[in-house]
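S.K.: just coords:
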């Protein structure tokens with residue numbers, strides 16, 4: 001075997017090894033991206049769940065249940081929107097795929113659907129007051145539509161029971 005043949009074989013082997021290394025690096029990067037996305041989604045869910053279960057938000061939910069059962073337009077400016085803000089945040093990260101969708105839906109869909117139904121008169125009135133601005137609470141609305149299949153029909157009685165439960169939340 002000549003030196004030139006030997007160099008050609010070694011160069012070919014080196015090229016093949018380099019290609020294999022590039023391929024394995026690409027696969028590693030894909031696996032890292034998938035794991036990173038999952039970790040971010042779970043961490044985001046944990047943070048939102050913690051926020052939802054916080055003392056501050058439980059107080060807000062209690063007060064909001066009282067304010068919306070029944071909703072009085074004359075008391076519109078006194079309605080606390082902190083819970084709606086949380087649902088807006090959940091909707092935003094859900095749309096951006098920065099949230100584990102299965103965990104989020106199983107954790108929040110019941111509350112999103114019931115609160116959307118309870119808050120609809122308030123939200124409709126608020127949008128009207130702001131020149132029919134339908135962008136207000138849009139992420140909350142999109143979330144309720146996406147998860148409506150979980151609670152397709154919420155009767156007046158079921159909504160009343162839900163609001164009573166929220167009024168009597170235990171704040172630890």
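M.R.: Arrived safely. Keep in mind that what you see is a predicted model, and the values were worked out from it rather than measured.

S.K.: Just the pLDDT at residue 17, thanks.
M.R.: If you check residue 17, the pLDDT there is 89.

S.K.: Who are the packing partners of the host helix or strand of it?
M.R.: Taking DSSP states H and E as the criterion, residue 17 maps to helix 3-52. Helices and strands touching helix 3-52, by 3 or more Cβ pairs under 8 Å, 6 or more residues apart in numbering; DSSP states H and E, are helix 82-95, helix 101-129. (C-beta placed from N, C-alpha, C; glycine too.)

S.K.: Now mean pLDDT, mean neighbour count and distance to residue 75 too, for these, in TSV please.
M.R.: Below are those laid out as TSV (pLDDT from 0 to 100; neighbours: other Cβ atoms under 10 Å; distance: least, Cβ to Cβ, whole Å):
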stretch	mean pLDDT	mean neighbour count	distance to residue 75
helix 82-95	98	20	16
helix 101-129	97	18	10
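
S.K.: okay, those in TSV with distance to residue 34 next?
M.R.: Output for the helices and strands packed on helix 3-52, formatted as TSV (distance: least, Cβ to Cβ, whole Å):
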stretch	distance to residue 34
helix 82-95	18
helix 101-129	15
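
S.K.: What's the first helix or strand after the helix or strand of the chain with the lowest mean pLDDT?
M.R.: Of the helices and strands making up the chain, the lowest-confidence element is helix 3-52, at a mean of 91, by mean pLDDT, DSSP states H and E. Downstream of helix 3-52, the next assigned helix or strand under DSSP H and E is helix 55-67.
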